[in-house]
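Visitor: this is a predicted model, with the sequence first.
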Amino acid sequence: MPLNTAPRFTVGDGQIHTPFSATGSRALDVAVQTDGKLVVVGTTAGNVGVARYLNDGTLDTSFSGDGVMTFSVGSGEDIGRRVKIDPDGRIVISGTSSSAAGSTGKLDSFLARLSTDGALDTRFSSDGLFVHSLTPDHDAGTDFLRDASGNYLLGGWGRPNTTGSALNFTLDKVGSTGTGMSTVYVSPSSGADYGLAMARAADGKLLLAGYSWSGSTYSVALARLNASGTLDTTFSGDGLLTSHPLTQPCMALGVTAQADLKPVVVGSVLLTSTDRDILVERFTASGALDTSFSGDGVATFSLSNGVDQARQVIALASGKLLVAAESDGELVVLRLSSSGTLDGSFGTGGVLHTGLQAPSGTAAVGGMSVDASGRIVLAGTALVDGVTQFTMARYSANGVADPGWGVRDTVGTTPIGFTEDGADVRLAPEARVVDTELAALAAGRGDYGGSTLQIARQGGAQADDTFSAAAGSALGALSHGGALVWDGQTVGTVLNLQGGLLRLQFAAGATQAQVDGVLQSLAYRCLSDTPPAQVQLSWTFNDGNAGAQGTGGASLAVSSVTVHITSTNDAPLALVSLVQGVEDTALVLTLSQFGFSDADHDSLAALQFVGLEGRGELRLNGTALGTGQTVSAAQISSGALSYVPQDNNAGTAVAQILFKVSDGQAFSANTAALSVDLKAVLDNLSLSGGTGNDSLRGDAIDAGSHDRLTGLTGHDLLDGAAGNDTLDGGDGNDTLLDGSGHDSLLGGNGSDRLEGGAGNDTMRGSAGSDTAVFGAASSLIDLSTGTASGTGEGTDLLTGIESVIAGSGDDTVLGSAGHDSLNGGNGQDSLSGADGNDLLTGGTGADTLRGGAGNDRLNGEADHDWLVGGGGADTLAGGAGSDTFVFDGPLGAGQADRLSDFSSVDDTLQLDHLVFTTLRNASGGSTGSVASGQFVANTAGRAMDADDRLVYDSDGGQLYYDADGSGSGSAVLFATLNPGTALTAQDFVLV
């Protein structure tokens, strides 16, 4: 069994078009070479045009480089009318050349000979051209033959003597080298005779056919000559005849001789100026009309109400006749039986309609040949893309288009455009699928049972893609899992129609025509509201071969259709929404408060105010908004739009703001409402605690209101919570707490604790030792300036505050001139005591503590802290972690610091080289580790030699600096450690 042939979406219509120039071109004849190549000749842009094609219909690039060539003969229009192939393969062309453009120029006949590669043959008349111009008027060469000696016999028409004499048939004899040899003039009538076509009979005699013009009518004219060029007197008595068997004028445009020597001419019967019929006449060998042909030797055919006329005829070996003709501009072929009737086994009722159409006034058919396989090859002119082009068509002997010619993809060739939300579009109106084995079944009707078609977006199916039956088609509605119906008949099943995937399976008996009809009737829609600019849909046809079609399994045809999508704007949708506020307070409205939805993912661009139901007023920049007025998103974002409630009007849905939304292109069709809820507030709330220890909480009564809480005497707890509150602790040790809002906290007399929370707060300590407490944000707290600021905490004003407890952030706390207590809390804090005897507590985190002037206490607590005592006799406790004790202050009486928890294992003593000027490192430098020889530890606390600069009394814990190391001068006490604390030179570092 042979290999299964893959199906294909490509089909050939048997037609090929070749555009020579933008001004148009006409093909007038075709010849078949012995190797099957085809040569077509005609005219293009005033020159002779020649093209050669391979057997598959593609241009032969071995001919003139690209398969086409042109050449010029005269100064006017040059027309190649006939082409024949010499036995050696050279190409010979006859035609006419005018001395001027249009109908005013003198006509000359010419012969041109080309080499096999398409160049003019310089062995022929030195330039490849023979031009006959013997008379002072027209010499028109229309057809030619080659005689047994290799000479060319060029037939046509011209004037034998002077201008004004009657036109005659002409026969020029031209040698094989392009030299004119003789000219014969024959005149079938007393009028003007036009020779248009030649043929050679089997006995070697020549036929020259055309028409005669008597001055009032046209007649068929025919001459038969002997091979020597003399008239054959056995034909019609003198070798000449004119035929006018009908009452209407007749013309012959083509001629042939049957094997039985009977001449056949074809042409037209002129009924009116716009109506002609095809004429076919057959004569006996002696020149009489052959009554065995259509009863009287004359057959006419009317295929249209326009111009029908035949231009060429070929006598087949079967005795039948092939007639190339045009019918109202369409190229057609007729096949006649030997008796002159249309052969019903050919084409449609004996007529092959090619569908090739020439523009008005242009002959559709030029020439016809039959190749060695019996295929019919036509050359003519058709209007393609607005330009007349060389057109070829090839058909089987019975008139079936050659599928190997004019091959094109039927899927994806037609531009497809879909408009969002528009009608479904037909995907492939010219789609066809061809499977050689399946198409041959059912007596050539085809049986595609078991084959499938699948369509899905390239890269993966998308649910936005939907498929349907095209409107107006014979395809029934598609449904998932339903029947596939064509023209009322079930031809398969819709296997899948969901998720963006279409899959059809054809049933047994589904014909070629039905399958093609289904493919051509599939339509598409994209459901996305934000579709891409284009969608590529893959088509996969599976022939379903299970072995009956050949070996190799199932085969596929794959193609794709690109759908170009035009997006349209989807109007947005206004949505119901809610905004909440408080009584008697204007609401500044924001964009996010207005419900908005847009399928195209556009942003809210504007609002249209439709109305307000309920109480209050909508204002834009302080001015009441009118019904129908538009507000832009930019105006809303700037805070220009506000709702102003009616006084003392609280509750749910106190107002409904009715609005439409716009995406910048269209407003919503619907109207939505922004509902306003207002929470009641107690106006001017004021609470006083009186005597005793009171607890007052403002928001317990009215959350978020602006409260005034007064503790009076006693140790009170005042909690304002949210709102811009005023808290007055009065006398006693009070705790004042407040949340968000810009608050005022007055501690009054006593040691008070003030915690302002978020917002720009004012905290006043008054008499007593008052403490300000801060939240989690990193803060900068400066008691010397009375300010505190931090991320999210606002900017606070501090007055009369002696103690600070920072929060969990990385805080910077600066003391004042008094005796301050600074606590960093969690985080990596920086505490500076300034003047006064200060208490600095680092808390958790790696902190930096600077005591400043005064006798300060520094407690690093957890983590790795830096403790700088500064001036005065300070007490330093590093706490847990590896701590650094810094000595950069003045030396002398009253300046020694006490280190309560120094550990030689964990801690470091950092000495400023500008203070400890004689200390050196091991290399003599002033920074780095102290040289071991400059440190001495003993129970006497004295220097032992000149190098001893740091002297440690290990019994008492005193640490001295001896500037000269002699022991004779006064050593300066600068630190005291716990007695017995281990200490070495490695515990010091110079900076």
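Guide: In hand now; what should we look at?
Visitor: show me the shaky parts of the stretch 51-200 of the chain.
Guide: Low-confidence segments of the stretch 51-200 of the chain, defined by pLDDT under 70: 100-105, 134-137, 162-165.
Visitor: show me the strands in it, by range?
Guide: Counting by DSSP state E, counting those that start in this stretch, the stretch 51-200 of the chain has strands at residues 68-71, 78-85, 91-98, 107-114, 129-132, 139-146, 152-158, 168-174, 180-186, 192-200.
Visitor: quick one, which of these is nearest to Ala469?
Guide: Among these, strand 68-71 comes nearest to Ala469, with 45.1 Å by Cβ to Cβ. Where you see a C-beta, it was placed from the backbone N, CA and C, and this is true even at glycine.
Visitor: buried residues in that closest one?
Guide: 68-71 (16 or more other Cβ atoms under 10 Å).
Visitor: other SSEs contacting it?
Guide: strand 47-53 (3 or more Cβ pairs under 8 Å, 6 or more residues apart in numbering; DSSP states H and E).
Visitor: report the backbone C-alpha coordinates of the strand it packs on in CSV.
Guide: The C-alpha trace of strand 47-53 is given here as CSV (Å, rounded to 0.1, in the frame of the first residue of the first chain):
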residue,chain,number,x,y,z
ASN,A,47,7.0,46.5,-26.5
VAL,A,48,6.9,42.8,-27.3
GLY,A,49,6.6,40.8,-24.1
VAL,A,50,7.8,37.2,-23.8
ALA,A,51,7.6,34.9,-20.8
ARG,A,52,8.7,31.3,-20.3
TYR,A,53,7.2,29.0,-17.7
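Visitor: tell me how far it is from the chain's mean position?
Guide: Remark: strand 47-53 is offset 42 Å from the chain centroid, using Cα atoms, centre = their mean, to the nearest Å.
Visitor: got it, and stretch 39-57?
Guide: On Cα atoms, centre = their mean, the centre of stretch 39-57 falls 41 Å from that of its chain.
Visitor: mind listing what's buried in it?
Guide: Buried residues in stretch 39-57 (16+ other Cβ under 10 Å): 39-44, 46-55, 57.
Visitor: same check, this time on stretch 258-278
Guide: Using 16+ other Cβ under 10 Å as the test for burial, stretch 258-278 gives 258, 261-271, 275-278.
Visitor: look up the closest residue to Thr540, ignoring the ones flanking it.
Guide: Among residues not flanking Thr540 along the chain, Gln454 sits closest, at 4.6 Å (Cβ to Cβ, 6 or more residues apart in numbering).
Visitor: what's around that neighbour, how many residues?
Guide: The tally of other residues near Gln454 (other Cβ atoms under 10 Å) stands at 19.
Visitor: ok, now how distant is it from Asn542?
Guide: Distance of Gln454 to Asn542, computed by Cβ to Cβ, to the nearest Å: 8 Å.
Visitor: before we move on, the earlier item: which one of the strands of the stretch 51-200 of the chain lies closest to Ala508?
Guide: Among these, strand 68-71 sits nearest to Ala508 (Cβ to Cβ), with 48.9 Å.
Visitor: and Ala634, that's in a helix?
Guide: Yes: Ala634 forms part of a helix when assessed by DSSP: H, G, I helix; E, B strand; the rest coil.
Visitor: who's in contact with it?
Guide: If you count contacts by Cβ atoms under 8 Å, 6 or more residues apart in numbering, Ala634 has none.
Visitor: and if we set it to 10 Å?
Guide: By Cβ atoms under 10 Å, 6 or more residues apart in numbering, the residues touching Ala634 are 591, 605-606, 640.
Visitor: the strand or helix carrying Ala557 pairs with which strands?
Guide: Per DSSP states H and E: Ala557 is located in strand 556-566. Partner strands and pairing direction for strand 556-566 (DSSP bridges) are strand 416-419 (parallel), strand 534-542 (antiparallel).
Visitor: what sits up against the shortest one?
Guide: The one in question is strand 416-419. Here strand 416-419 has contacts from 424-429, 523-526, 531, 534-535, 537, 561-568, using Cβ under 10 Å, 6+ apart.
Visitor: surely the residue nearest to Thr540 touches Leu497?
Guide: No: using Cβ atoms under 10 Å, Gln454 is not in contact with Leu497; the gap is 11.5 Å.
Visitor: what residues are bridge-paired with Gly794?
Guide: Going by DSSP bridges, Gly794 forms beta bridges with Gly790.
Visitor: how close does it sit to Asp743?
Guide: Applying Cβ to Cβ, the value for Gly794 to Asp743 is 9 Å.
Visitor: shared neighbours, these two?
Guide: 756-761.
Visitor: who wins for most neighbours among these?
Guide: That'd be Gly756 among the shared contacts of Gly794 and Asp743, by other Cβ under 10 Å, with 31 neighbours.
Visitor: which residues touch that one?
Guide: Counting by Cβ under 10 Å, 6+ apart, the residues that Gly756 touches are 720, 725, 727, 736-739, 741-745, 762-763, 772-775, 788, 793-794, 796-798.
Visitor: circling back to that earlier point, what sits in contact with each of Gln454 and Asn542?
Guide: With Cβ under 10 Å, 6+ apart as the test, Gln454 and Asn542 both reach 503, 505, 556, 558.
Visitor: quick one: buried ones out of those residues?
Guide: Buried among those by 16+ other Cβ under 10 Å: 503, 505.
Visitor: tell me which helix or strand in the chain has the weakest average pLDDT.
Guide: strand 686-688 (a mean of 56; mean pLDDT, DSSP states H and E).
Visitor: ok, Asp56 - contacts?
Guide: 12, 16, 36, 402, 404-405, 407 are the contacts of Asp56 under Cβ under 10 Å, 6+ apart.
Visitor: which of those has the most neighbours?
Guide: Going by other Cβ under 10 Å, Ile16 tops these with 25 neighbours.
Visitor: that one in helix, strand or coil?
Guide: strand.
Visitor: can you pull the contacts of it?
Guide: Per Cβ under 10 Å, 6+ apart, neighbours of Ile16: 38, 40, 51, 53, 56-59, 379, 389-394, 402, 405-407.
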